[in-house]
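[1] I would like the atomic coordinates for the input below:
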Amino acid sequence: MTTYKSLIIAIGAITASMPVHSEQALDAEGLYKERACIACHGAEGKMPVMTEYPKIAGQPAPYILAQMKDIKSGVRNNAHAVAMKNAMHLINDAEMAVIAEWLAGLPK
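    Residues are numbered from 1 along each chain as shown. A predicted model of the protein is given here:
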């Protein structure tokens with residue numbers, strides 16, 4: 001077997017053994033920090049860096065998720081959405097849902 005074929009087989013074996021992430025397995029608080037949400041909305045969504053940015057902790061999860069999706073898709077497009085749209089390419093739908101649920105569970 002050539003080195004190339006051995007490498008492909010090894011990569012396939014490693015990939016097959018990697019856990020598939022479900023929404024429950026994602027770390028919402030870690031994602032919130034890693035995906036730059038904390039930069040504008042503050043720790044746990046309670047202390048935005050600008051008064052115009054919303055406090056998002058304790059808001060209903062469906063509302064938070066809808067806002068994220070609308071900003072990412074461009075449906076919501078106002079002056080404040082522009083800054084968030086630039087960060088939304090970093091986050092996928094599953095991560096959005098996990099973050100929305102986590103934020104909804106936090107006290108306002």
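[2] next, find the distance separating the closest residue to residue 108 other than its chain neighbours from residue 91.
    Computed as CB to CB, 6 or more residues apart in numbering, the closest residue to residue 108 that is not its neighbour in sequence is residue 58, at 3.6 Å. Any C-beta I mention is one placed from the backbone N, CA and C, and that applies to glycine too. Using CB to CB, to the nearest Å, we find residue 58 at a distance of 20 Å from residue 91.
[3] looking at those two, which one has more neighbours?
    Applying other CB atoms under 10 Å to residue 58 and residue 91 shows that residue 91 carries more neighbours, namely 19 against 15.
[4] give me the element residue 68 is part of.
    Assigned by DSSP states H and E, residue 68 belongs to helix 61-73.
[5] now stretch 49-57: how far from the chain's centre is it?
    Stretch 49-57 sits 17 Å away from the centroid of its parent chain (CA atoms, centre = their mean, to the nearest Å).
[6] understood, closing this out.
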